[in-house]
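Quick one, what's the 3D model for this:
(2 chains)
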Amino acid sequence: MTNLPTTTAKKLGLVIDLDTCVGCHACVISCKGWNTENYGVPLSDQDPFGENPTGTFLNRVHSYEIQPPDLGLGAAPAQLVHFPKSCLHCEDAPCVTVCPTGASYKRVEDGIVLVNEQDCIGCGLCAWACPYGAREMDAEAKVMKKCTLCVDRIYNENLPERDREPACVRTCPSNARHFGDFADPDSNVSILTAERSGMDLMPEMGTKPVNKYLPPRVKDRDHNQEIDILSPLLAPVATETAGFLGWLDKALDAMPSPSKSDSPKDSYKGGSN
Amino acid sequence: MPKDQPILDTSPKVSDEVRKTTCYMCACRCGIDVHMKYGKVAYIEGNKDHPVNQGVLCAKGSAGIMQVNAPSRLKAPLKRVGPRGSGEFKEISWEEALTIATDWLKPIREKAPEKLAFFTGRDQSQSFTSLWAQGFGTPNYAAHGGFCSVNMAAAGIYTMGGAFWEFGQPDWDHTKMFVLFGVAEDHDSNPIKMGIGKIKNRGARMVGVNPIRTGYNAVADDWFGITPGTDGLLIMALIHELFKAGKLDLDYLARFTNASCIVNEDPNSSQNGLLLRDSDGQPQVINKNTGHLAPWNGQGVEPDLGTTYRTAGVTHRPVFHLMVDRFLDPKHAPEMVSDATGISTGRIKRLAADMAHVAFDQAIELDRPWTDFRGKKHPKMIGRPVSMHAMRGISAHSNGFQTCRALHTLQIILGAVETPGGMRFKPPYPKPATAHPKPHGKVTPGAALNGPHLGYPHGPEDLMLHEDGSAIRIDKAFTWDNPLSAHGMMHMVISNAHAGDPYKIDTLFMYMANMSWNSSMNTTGVMEMLTDKDEDTGEYVIPRIIYSDAYSSEMVAFADLILPDTTYLERHDCISLLDRPISEADGVADAIRWPVIEPDRDVRGFQSVLCELGARLDLPSFVNEDGSQKYEDYADYITNHIRRPGIGPLAGFRMGENGLTEGRGEPNEDQLDSYIKNGGFWVSHVPKEASYYKPFNMAYQSWAVKMGFYDSEQPYIFTPYVEPLRRMQLAAEGHGRVQPPDHLREQIKRTMDPLPMWYAPLSDDLIDTGEFNVHALTQRPMAMYHSWGTQNAWLRQIHGINPLYVPTKIWEQHGFTEDDWAKVSSPSGVITVPVAHMAALNENTVWTWNAIGKRKGAWALDEKSPEATEGFLLNHLIHELLPEKADGMRWSNSDPITGQAAWFDLRVKIEKVAAPNEAQPVTPAQKSPVGYGPKSQAWKVGQ
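Here you go, the predicted structure:
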């Protein structure tokens, strides 16, 4: 059994915005690339050009279809939610306490949960203990792999300061991933979580995950708002659409058009020359 | 730190060196930082300083390392030794390969250059490859635009001087409502994702109009799951509502569009329906200040939308009056189109109301004075913050051109083009059709073509027709079948060459175009055409095929001679302003690729090969006066080629009188090094006062001339009324010397309307839509792209299979359950494929991911790979010709205006069937010339 620190100085983690994630898998592959070349053993692939290609990934995007409830205005169309998932760096991380060798640990300085690969015996208990399925055993090296929050990027003095963030955050094209310190109430991630009602993933498991998810905003207004007071339906300028000149006059009246004031009205009333 | 917490080096060395170049994992062309260790590629990430992607990078881009190391890379030139299609080759030397090519091509050039058909696929060097083809003298050159999105591109150019993607973008910083029509998830992908992130962060509204709710549409605030092929109907209904309510930017329409130009309405005139012009040929408006006719661009003229002009007993009206007649027609009312589009009347009305509300009640004013081409000073820039974007979804239909025109007209009537918050052009666009070349096709044996192949016709005289009315080009582009085929019609080349219609060819030369597989309609038929032999001679009907590709694709197996290309990190390229630029609205930009690694195989960059082949063939532009090779390789061409005085392939770091300059300048021997030092790109920012209203803004016009986009200021107005279309109609009505064949007259009159209109997809008239009552679409996943690259070891773990996604209604109707299979039939083919349920989908539409299905033996994949056993192509169901008409004729399955391949007109019927062993039809395996991939991989370059 391995002990968790009672507190950590920082609580580094991610905010993942489910309203903005388009499911492009950019984070999945930048993570695969960085972590193949960096922390620990490479992320291997089995049968990569064959019948059943599988490999180690520290971050995967799952997609779920959901059917919103009928609010009395007819069933809203189904929605597709993209759900990126990696280690949530829990405060009460069951993957750490279950580790028989101390290989799994949570850092006291920033709360990042890591595997010390030298001490990992590949027993897989931690993966069983994790309710999120966030750890993957590398089939080639037989050691447990997991998100490191790019611990080898975020403090790396060999990188320019602007690049000291996790690879998945740096690469996310729609800016759906944010990195910061949840222990600081003024941090970007704390503010986003407060403003957008950030949620824990499966809080009932009691793991106290650090990472937060921002829920999708309410969609398909026509199925949940009967009347939009901001934008009533357009009123026709002329009920008789056949009468062009009448319509045009009314259209010009209705328009905040600079040309209207400096043009004589009767220029619309017929031919010239 | 507790004593059992390991000591961790949090500052490990990242790489020996970062080399900055341009991605080529799709056509987005993002800047990338390639981290090198021990001379090898270790990691690829986005370049934070790059104008396109600003540091972000998609899954494809980050997986580039798997592309560069792919086992499917070709290793050396190949000569076919087995039958076509078998994949049996022997490796030969480059000298032998180039000698064979020269021996084949030289006699053709001397006798009949048109016997060479040279078509490039997802080529990003078209200004170079077209120069080569022009020098050869064949009229038969184009790239892949005809089967991609020419409707979008051509409709944009003809209507307002540019469309989306390379041409223009939403004003992400100011827009308050973003409406996305029919976009696959791959085009302009990172900029769109970045934009969506930006507007969502600001709380702006995003609307998605797409039969399929994946990707961008999954995050849209409102989704309109429209019936395929009816986008034009929806757009016309929105325009109808806006006209009916008078929610139009009349000032903008009067000043900056040809809505104010006077139409010749004399029914007896041969110019009927064209604009009245003065003796200088300028369209006429009525000047509010005088009440008299005046040229559209006269100084101080205030064009009037309302007044008519009466002469010789005939009243001539401004275009605007014709627009009112067209768009107020009750047939365009939301009530009338609700059933066909699958969108309720109320939702259509509310969408129109939203657009009007944002455009006019939430208008933007920027305190930036500017002066228009009539000399009028405007104190502010007024913005209508409704922005739109569209691409292949609305484009790849036989009514796509007019649908794209309708979309641009919707933008224009809102005053939302080149205004703050709307759509913004990217320099060197905007550029109207009149500023582009016309098509050229005059063949002279042994000499160059008389000009560039592709362009924008303005009337029947510009078509590529012989005196007897027969087609000049093998693809029949620029004929009466599809007069405005500005990108050519690559999808017709093989079937026309096989049929010998309009004539037989000798050599088919292709680059990066998987024509025997996912880039052709009627894939099985195309494979038969490529392998068909003449019964009398025993020779192949298409006698010779030369193909260049970097990977062991399906098309490789059908070629006689393979010229192996490099991967994108092993080559020079230029992303040129002469081609498909990477500019942003606020800056003009171009970029390069350079060999960040050297090939470890006997392969050469295709463009460098063309430099040598061009010299061996004595092509003008490729030889010096003494007959020696002019450009040693593509890098030499990029540096030293002069297109017009002062203008070369790259606009940055040119040589001026007093040192480095940009835009116009002499060649600079160190130009590529300057690009490399600058991060692989060059950007120059648009002056603030020139940032909007670009076609009309004299500050922009003078900057554009300074930068060399054109040689004199040429302001223009948008053209919701497109005269070239009317000129074609006039010919169909019997006017003029160049006349269409009688069987096409009615179609031309009906479809080539100078104002946007809608007609049902052409195939709907020829098939039983009651029997074939399901629409079938494909799209590409954001994490995968064209098969121009190989099936990628990492990405195929995300998208290795492509079921047919079936909506709930059809799923339940057929009693489908998980792991079921369906027989899917169209009038021209049958496939049997796995199905999966998807609820977030138009109820009459099925779809699948494109180009996941592979032929056995291709791409160095195991023959048991899911791509080769369960993967499939819808292409088998799509014929390049429409079903027979009553007169027995079969027409191209294309837009009748531009020739765009009508992929998305496909209708099918579905039956549940017992699961076969594998997806049907099964194509026998090709032999892999490169072997197969490894059984496992785990490597770290830095170890």
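
Which single residue of chain A ends up nearest chain B?
Minimum separation of chain A from chain B (Cβ to the nearest Cβ) falls at A:Phe49, amounting to 2.8 Å. Bear in mind the C-beta positions are built from the backbone N, C-alpha and C, glycine included.

That residue: what's it in contact with?
By Cβ atoms under 8 Å, 6 or more residues apart in numbering or on different chains, the residues touching A:Phe49 are B:71, B:791, B:793, B:860-862, B:865, B:932-934.

secondary structure class for it?
Using DSSP: H, G, I helix; E, B strand; the rest coil, the structure places A:Phe49 in coil.

Look at the nearest residue to it once chain neighbours are set aside and say how many residues are nearby.
Of all residues not flanking A:Phe49 in the chain, B:Gly933 sits nearest, at 2.8 Å (Cβ to Cβ, 6 or more residues apart in numbering or on different chains). Neighbour count for B:Gly933, taken as other Cβ atoms under 10 Å in any protein chain shown: 24.

Same question for B:Gln402.
Neighbourhood size, B:Gln402 [other Cβ under 10 Å]: 27.

okay, now the domains of chain B?
Domain assignment for chain B by automatic domain parsing gives B:78-151+B:450-569, B:152-259+B:306-431, B:262-305, B:722-754, B:764-913.

how far is the last one from where the chain is centred?
Yep, that's domain B:764-913 we're talking about. Relative to its parent chain, domain B:764-913 has a centroid offset of 21 Å by Cα atoms, centre = their mean, to the nearest Å.

Could you tell me the end-to-end distance of it?
26 Å (Cα to Cα, to the nearest Å).

do the same with the shortest one
Distance between the two ends of domain B:722-754: 5 Å, counting by Cα to Cα.

Give me the buried stretch members for it, please.
B:722-732, B:738, B:740, B:744-745, B:747-749, B:751-754 (16 or more other Cβ atoms under 10 Å in any protein chain shown).

Please, where are all the strands along the stretch 151-273 of chain A?
For the stretch 151-273 of chain A, applying DSSP state E, counting those that start in this stretch gives strands covering A:177-181, A:212-214, A:271-272.

Redo these as TSV? Include distance to chain B.
Shown next, in TSV, are the strands of the stretch 151-273 of chain A (distance: least, Cβ to the nearest Cβ, whole Å):
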stretch	distance to chain B
strand A:177-181	10
strand A:212-214	11
strand A:271-272	4
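
B:Thr315: which of the ones you listed is closest?
For these, the distance to B:Thr315 is smallest for strand A:271-272, at 6.2 Å, taking Cβ to Cβ.

Could you point out which of the domains of chain B sits nearest A:Gly122?
The closest of the domains of chain B to A:Gly122 is domain B:764-913. By Cβ to Cβ, the value is 21.8 Å.

what about the residue of chain A closest to chain B, distance to B:Glu418?
49 Å (Cβ to Cβ, to the nearest Å).

if I pick the residue nearest to A:Phe49, what's in contact with it?
B:Gly933 is in contact with A:48-50, B:70-72, B:793, B:860-862, counting by Cβ under 8 Å, 6+ apart.

Check the secondary structure at it for me.
coil.

Just the local confidence number for it, please.
The score at B:Gly933 is 96. That number is its pLDDT.

Then A:Cys126?
For A:Cys126, the pLDDT comes out at 97.

helices and strands around the strand or helix carrying it, which ones?
Assigned by DSSP states H and E, A:Cys126 belongs to helix A:125-129. With contacts taken as 3 or more Cβ pairs under 8 Å, 6 or more residues apart in numbering or on different chains; DSSP states H and E, helix A:125-129 sits against helix A:94-97.

Show me what the helix it packs on is in contact with.
A:1-4, A:104-106, A:113, A:126-127, A:129-131, A:135, A:146, A:207.

which among the residues you listed end up buried?
A:2, A:4, A:104-106, A:113, A:126-127, A:129-131, A:135, A:146, A:207.

Pick out the most distant pair among these.
A:Tyr105 and A:Pro131 (18.9 Å).

Now do stretch A:62-75: distance from first to last residue.
End-to-end for stretch A:62-75, by Cα to Cα: 25 Å.

err, stretch A:201-219, not the other one
End-to-end distance of stretch A:201-219: 21 Å, with Cα to Cα as the criterion.

Check the separation of the first and last residues in stretch B:539-556.
Per Cα to Cα, stretch B:539-556 runs 19 Å from first to last residue.
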